[in-house]
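# Everything below, folded, please.
(one chain, ligands or ions: 2)
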Amino acid sequence: MSRAREAERRARDVLDPVHFDFLAGGAGAERTLADNEAAFARRRLLPRVLRGAGAPDLSTTLLGAELAAPVVVAPTAFHRLAHPDGEVATAVGVAAAGGLMTLSMMATVAVEHVADVGVPLWFGLYLQPDRGFTAAVVARAQDAGCRALVVTADSPVRGRHTRDLAHGFRALPEGMVCENMRDADWRVRDLVVDADLTWDDVAWLRATTSLPVLVKGVLHPADARLAVGHGVDGVIVSNHGGRQLDGAVSTLDALPGVVDAVAGRVPVLLDGGVRSGTDALVALALGADAVMVGRPVLWGLALGGAAGVRAVLGDLADELAHALTLVGARRPGDLTPDLVVTP
Ligand SMILES: Cc1cc2nc3c(=O)[nH]c(=O)nc-3n(C[C@H](O)[C@H](O)[C@H](O)COP(=O)(O)O)c2cc1C
Ligand SMILES: O=C(O)C(=O)c1ccccc1
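Ligands and ions are numbered 1, 2, ... in the order given. Sure thing, here's the model as predicted:
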C-alpha cells in the first residue's frame, strides 16, 4: 500500500471523527469523490523496455519554481484541524521535500508566518464580490512572497458535504480563525462564494496583479480554451476533490480533453485521487505537467506534523521515480499517452 493510502487509514484513528469526516468527505453521494480514485484504478500501464532510461530525474520547473518532483500541494482549508501548528508544519514538511505549497485563503495561519518557513508558495484565492478586499488579500499574499494565484472557479456555491451536514459541522472550533480573511481593521471576514463570478472577474484579476494566475476547477475543454483566452498562466483540472458537484466527471477522465484544448500553451495540472506515484505517472503520461495532492498531505500532517508531510510527499516522489524507470522513461517529460491503457 502506498504511504498516502496507509496514512488515510491511520489518520482516522488519530483525528476527531467529525474533523476526519470534514477532511475526507465529499458532496452528495460521494460518487465523484470515489470516482477520482477509481479512474486511476481503471488504468493500466503499457511499459516500454530496453530504453536505457538510466537514473530517473524528477526535477521540474513550473512557472519559474524549481521542484524536486512534479507534485504540488493543493490548497486545503483549516490545517489546524489536523495539527496544532497547522499550515506552518505543512510548509516545513513541503520545504523539506523540495516541494511547492498552495496556501488556501481559508488557512488557519497567517500567510506571513507560512512564508517565513521559506517554502515556495502559491496562494489559493476565492474571488470576493468586494474587489477592494480581494485586491487587498492579493497584495498581502504577494507582499508575503506568494509566487502565483490559484483562483478557485468551481465553487459558485458551497458544496453540500454530506458528512458535515450529518454531524452539524459548520464552523472552526474556538481559537481558530481564517487569518488571511482579515480586513484593514484586522476584523475577520466571512468567505463569500459567489455565483455571479464570470471570466470578466478573471480578466479583472489578470489586470490587477503581475503574479501568474492559475484557474482551478476546470473540467470542460471549452472552459480550458476560455481560460487560455483570458491570459491565465495555468489550468488546473479539478473537481475540488469531489466536494462540489457530485456527479462531476473524474479528473483523470476529464484530463485528455483539457490537455487537447490547451494544446501546450500553458501548464495543465490535475488534482483529485492521486494516491501513489503510479497515479501521478498516469496523469503525467496523459498530459498533465504536474499533479496536485490534497488529502494525503492532511493525513501526513495529522499523523506526524512536518515529518509526516515530508514522508507522504517523499514516498510519492520515490514511487514516481521507480515507476518512471519501470516504464522506460527518465524524466516526466518523456512520458507519452501510449503508455496508459484502459483495458
Ligand atoms: C479539507 C479540504 C479543504 C479544501 N479547501 C480548499 C480550498 O480552500 N480552496 C480550494 O480551491 N480547494 C480546496 N479543496 C480542494 C483541494 O484543493 C483539491 O482540489 C482536492 O482536495 C484534491 O483532491 P484530493 O484530496 O483527492 O487529492 C479542499 C479539499 C479538502 C479535502
Ligand atoms: O471544504 C472545502 O472543500 C473548501 O474548499 C472550503 C472552503 C471554505 C472553507 C472551508 C473549506
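# pLDDT on stretch 95-114, on average?
Stretch 95-114 comes out with an average pLDDT of 98.
# need the residues of the protein near ligand 1, please.
With C-beta under 6 Å from any ligand atom as the criterion, the chain meets ligand 1 at residues 23, 36, 74-77, 104, 106, 124, 152, 216, 238, 240-241, 243, 271-274, 293-295. C-beta: built from backbone N, CA, C; applies to glycine.
# how much space between the residue nearest to Ala136 when sequence neighbours are not counted and Ala135?
Distances taken as C-beta to C-beta, 6 or more residues apart in numbering place Ala184 nearest to Ala136, at 6.8 Å, with adjacent residues excluded. Ala184 is 12 Å from Ala135, where distance means C-beta to C-beta, to the nearest Å.
# Within range of ligand 2, give me the residues from this structure.
Counting by C-beta under 6 Å from any ligand atom, the chain comes close to ligand 2 at Ala77, Met106, Leu191, His240, Arg243.
# Point out where the protein drops to low pLDDT.
For the chain, applying pLDDT under 70 flags no range at all.
# Going by proximity to ligand 1, name the top residue of it.
In the chain, the residue that lies nearest ligand 1 is Gly294 (2.3 Å; C-beta to the nearest ligand atom).
# how near is that residue to Val71?
As judged by C-beta to C-beta, Gly294 and Val71 stand 12 Å apart.
# and what of Val218?
Val218 is 19 Å from Val71, where distance means C-beta to C-beta.
# From the centroid of this structure, which residue is nearest?
Nearest residue to the geometric centre of the chain (C-alpha atoms, centre = their mean): Ala74, 2.1 Å.
# Surely it touches Val293?
Yes. Counting by C-beta atoms under 8 Å, Ala74 does reach Val293; the two are 6.1 Å apart.
# so what's in contact with these two at the same time?
Residues touching both Ala74 and Val293 (C-beta atoms under 8 Å, 6 or more residues apart in numbering) are Asp271.
# Look at the residue of the chain most remote from its centre and tell me its secondary structure.
Distance from the C-alpha centroid of the chain peaks at Leu50, with 34.8 Å (C-alpha atoms, centre = their mean). Recorded secondary structure, Leu50: coil (DSSP: H, G, I helix; E, B strand; the rest coil).
# In contact with it, which residues?
Leu50 neighbours (C-beta under 8 Å, 6+ apart): Gly328.
# can you give me the helices for the stretch 1-150 of the chain?
3-14, 17-24, 31-42, 86-96, 111-116, 131-144 (DSSP state H, counting those that start in this stretch).
# Most tightly packed of the ones you listed?
Highest mean neighbour count of the helices of the stretch 1-150 of the chain: helix 86-96, a mean of 25 (counted as mean count of other C-beta atoms under 10 Å).
# For that helix, name the packing helices and strands.
Counting by 3 or more C-beta pairs under 8 Å, 6 or more residues apart in numbering; DSSP states H and E, the packing neighbours recorded for helix 86-96 are strand 100-104, helix 111-116, helix 295-326.
# buried ones in the shortest one?
Along strand 100-104, these residues count as buried under the neighbour rule (16 or more other C-beta atoms under 10 Å): Leu100, Met101, Thr102, Leu103, Ser104.
# cool, the longest one as well?
Buried residues in helix 295-326, defined by neighbour count with 16+ other C-beta under 10 Å: 295-317, 319-321, 323-326.
# Following the chain onward from that helix, which element is next?
Counting by DSSP states H and E, the element after helix 295-326 in chain order, helix or strand, is strand 340-341.
# What strands line up against that following strand, and which way round?
Looking at strand 340-341 with DSSP bridges, its partner strands are strand 44-45 (antiparallel).
# neighbouring contacts of the partner strand?
Thr278, Leu281, Val282, Ala323, Val327, Leu339, Val340, Val341, Thr342, Pro343.
# List the residues that contact the residue nearest to the first one when sequence neighbours are not counted.
It refers to Thr278. Distances taken as C-beta to C-beta, 6+ apart place Ala323 nearest to Thr278, at 4.9 Å, with adjacent residues excluded. Ala323 makes contact with Leu45, Gly277, Thr278, Leu281, according to C-beta under 8 Å, 6+ apart.
# try 6 Å this time
Going by C-beta atoms under 6 Å, 6 or more residues apart in numbering, Ala323 touches Gly277, Thr278, Leu281.
# Filter these down to the ones in helices?
In helices, judged by DSSP state H, the following of these are found: Gly277, Thr278, Leu281.
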